[in-house]
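Asks: Can you look at this prediction? I've put the sequence above it.
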Amino acid sequence: MNELILRQPDDWHLHLRDGAMLATVLPHTARQCARAIVMPNLSPPVTTVAQARAYRERILAALPEGMAFEPLMTLYLTEQTTVAELAAAAADPHIHAVKLYPAGATTNSDRGVRDPLAIDPLLAELERFGLPLLVHGEVVDPAVDIFDREARFIERVLTPILTRFPALRLVMEHITTAEAVAFVQAQSARVAATITAHHLLFNRNAMLVGGIRPHYYCLPVLKREHHRQALLASATSGAGRFFMGTDSAPHSQAAKESACGCAGAFTAYAALELYAEAFDTVGRLDQLEAFTSLNGPAFYGLPVNARRVRLQRAPQPVPAAYAVADGSTLVPLRAGETLPWQFAGFV
Ligand code: NCD
Ligand code: ZN
């Protein structure tokens, strides 16, 4: 297969940031995706409906003339979030989910929840309204090895929450382990998972062999090869429970290439191409459209996109960096390499 025609995709887990970085990264996503679930981990975080509406307006204002894109907004759950705020979020047509960050788990998560097992009134409200809970699934217990944090989270936090709230709709975000795949497969259709392109393409060797490569550092961190194989098998299996969420998470080059570098990989510049490359490695390009364009809308109860896009097997050189209007630079994942697929616009 040298050409693919797919329903236009959506990105069900995306960091767009704000200000100059927003202006730089937004066109990359809007070029390919009709919609994206926009992560609320700004500084300060998007914790109220009013803030989500204002952020949505800033995103739309940053959209280049002639581009169409619908930001699907989310609220950042804190221990101060009120039941009334969640009710307002559920009633707002632009808010589609609520994000749970365990405090300290990742970028701008310090205002997150210290004890996810102590927010039952909020979870009860989400369950009542059918508003999905999006979960960063890692424990922050310093005694737990960073490579085991996702598996421990499933046992210690996710399983008890899903038991106590049998109708709660939940997305385990950016899953990275065979344990997470098995966990999601064992649930009913109310539980889904997003998978990034970089976790489908790379294991931890990409980050650590031959030198430390900070652009491959993201959270949850890349894992062993057998976990990558499990992710690839689930993404390409045709099971509707798994869908595209790039977790494209831009940080300036200076913030990445540092003694204490930030977590996050910028992949939105070639989101579809990277997923196509991953699916192609196992001969399952026939399953790409379900993963990128059908399963996500089905879970969120939204229509699939009307337009179709074209992908071609053609070498795509990746730039060394993108300029950001604040004078910083943004290094894409795989800078300087050549990707085997190219996005070729709308059909
Ligand atoms: C994300 C970010 O930078 O906002 N980083 C990352 O490594 N994925 C946060 C997140 O999704 O964990
Ligand atoms: Zn993320």
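Replies: Nice, I can see it. Ligands and ions are numbered 1, 2, ... in the order given.

Asks: hey, where'd the helices end up in the protein?
Replies: Taking DSSP state H to define them, one finds helices in the chain at 19-32, 49-62, 83-91, 120-129, 149-153, 159-164, 178-186, 197-201, 205-208, 225-235, 253-256, 271-281, 288-289, 295-300.

Asks: Residues touching the third one, excluding its own?
Replies: In this case it means helix 83-91. Taking C-beta atoms under 8 Å, 6 or more residues apart in numbering as the criterion, the residues outside helix 83-91 that touch it are 47-49, 52, 75, 95, 98, 121-122, 125-126, 129-131. To be clear about C-beta, it is placed using only N, CA and C from the backbone, and glycine gets the same treatment.

Asks: Give the burial count for residue 322, as a bare number.
Replies: 18 (other C-beta atoms under 10 Å).

Asks: Return the set of residues that bridge with it.
Replies: Beta-bridge partners for residue 322, by DSSP bridges, are residue 330.

Asks: okay but it is in contact with residue 27, surely?
Replies: No: with the criterion set as C-beta atoms under 8 Å, residue 322 and residue 27 do not qualify as a contacting pair; they are 10.3 Å apart.

Asks: need the residues of the stretch 1-150 of the chain near ligand 1, please.
Replies: Residues of the stretch 1-150 of the chain lying close to ligand 1 by C-beta under 6 Å from any ligand atom are 15, 41, 106-107, 136.

Asks: Mind doing that once more with 5 Å?
Replies: Taking C-beta under 5 Å from any ligand atom as the contact definition, the stretch 1-150 of the chain meets ligand 1 at 15, 106-107.

Asks: Got a PyMOL select line for the buried ones in those residues?
Replies: Only the buried members of these enter the following PyMOL selection, criterion being 16 or more other C-beta atoms under 10 Å:
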select buried, resi 15+106+107
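
Asks: Looking at the residues of the stretch 1-150 of the chain next to ligand 1, which one is closest to residue 290?
Replies: residue 15 (24.4 Å; C-beta to C-beta).

Asks: residue contacts, the closest one?
Replies: 38-39, 41, 107, 247-250, 264.

Asks: count of neighbours near residue 189?
Replies: Here the neighbour count serves as a burial measure; for residue 189 (other C-beta under 10 Å) it reads 10.

Asks: ok, and the closest non-adjacent residue to residue 94?
Replies: Of all residues beyond its chain neighbours, the one nearest residue 94 is residue 73 (5.1 Å), with distances taken as C-beta to C-beta, 6 or more residues apart in numbering.

Asks: Dig out what the one you found forms beta bridges with.
Replies: Beta-bridge partners recorded for residue 73 (DSSP bridges): residue 38, residue 95.

Asks: what number of residues lie near it?
Replies: Here the count is done by other C-beta under 10 Å, and residue 73 has 24 residues near it.

Asks: doesn't residue 93 make contact with it?
Replies: No: applying C-beta under 8 Å, one finds residue 73 not in contact with residue 93, separated by 9.8 Å.

Asks: returning to that earlier point: mind putting the residues of the stretch 1-150 of the chain next to ligand 1 into a markdown table with pLDDT?
Replies: As requested, those are exported to a markdown table (pLDDT from 0 to 100):
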| residue | pLDDT |
| --- | --- |
| 15 | 98 |
| 106 | 91 |
| 107 | 91 |
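
Asks: Now distance to residue 157 too, for the residues of the stretch 1-150 of the chain next to ligand 1, in CSV please.
Replies: Formatted as CSV, the entries for these read as follows, by distance: C-beta to C-beta, whole Å:
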residue, distance to residue 157
15, 23
106, 15
107, 20
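
Asks: ok, the residues of the stretch 1-150 of the chain next to ligand 1 vs residue 304, which is closest?
Replies: The shortest gap between residue 304 and any of these belongs to residue 15, at 24.0 Å (C-beta to C-beta).

Asks: what about that closest one, distance to residue 152?
Replies: When distance is defined by C-beta to C-beta, to the nearest Å, residue 15 is 25 Å away from residue 152.

Asks: before we move on, back to that, which among the contacts of helix 83-91 count as buried?
Replies: Neighbour counting by 16+ other C-beta under 10 Å classes 47-49, 52, 75, 95, 98, 122, 125-126, 131 among those as buried.

Asks: what's the distance between the nearest residue to residue 290 once chain neighbours are set aside and residue 136?
Replies: Spatially, and ignoring its direct neighbours in sequence, residue 290 is nearest to residue 238 (6.3 Å; C-beta to C-beta, 6+ apart). Distance check for residue 238 against residue 136: by C-beta to C-beta, it reads 27 Å.
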